[in-house]
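S.K.: dropping the sequence and predicted coords here.
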Amino acid sequence: MTKLILSMDGLVLKEYNVTKERTTIGRKPHNDIQIDNLAVSGEHAVIVTILNDSFLEDLGSTNSTLVI
């Protein structure tokens, strides 16, 4: 199972289990994972899961997306 860990300055803020084929991330409330922070675009990114593989796609966000 894919897990998304939201952190800032080395501090884990929240962990999300990704269980859907398509999981949206963004600041607007209709996203599956809503992050209420001005650095996050309204529709920021999407996680697409195919079988056992997950892919993160930036949706043209203002501040881009970083995977560590």
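M.R.: Yep, that arrived. Numbering: from 1, shown residues only.
S.K.: my guess is Ile25 meets Ile33, correct?
M.R.: Yes - assessed by Cβ atoms under 8 Å, Ile25 is found in contact with Ile33 at 4.6 Å. C-beta coordinates here come from the backbone N, C-alpha and C atoms, glycine included.
S.K.: with neighbour numbers in mind, choose between those two.
M.R.: Between Ile25 and Ile33, Ile25 has the larger neighbour count (other Cβ atoms under 10 Å), namely 25 against 18.
S.K.: OK, contacts around the more buried one?
M.R.: For Ile25, the contacting residues are Leu4, Asn31, Asp32, Ile33, Ile35, Val40, His44, Ala45, Val46, Ile47, by Cβ atoms under 8 Å, 6 or more residues apart in numbering.
S.K.: now do the SS call for it.
M.R.: Following DSSP: H, G, I helix; E, B strand; the rest coil, Ile25 is assigned to strand.
S.K.: most distant residue from the centre of this protein?
M.R.: What lies farthest from the middle of the chain is Leu51; by Cα atoms, centre = their mean that is 18.6 Å.
S.K.: before we move on, back to that, and for Ile25 and Ile33, which residues touch both?
M.R.: Joint contacts of Ile25 and Ile33 (Cβ under 8 Å, 6+ apart) are Leu4.
S.K.: tell me the pLDDT of the most centrally placed residue in the chain.
M.R.: Taking Cα atoms, centre = their mean, the centroid of the chain lies closest to Ile25, which sits 4.1 Å from it. pLDDT recorded at Ile25 is 97.
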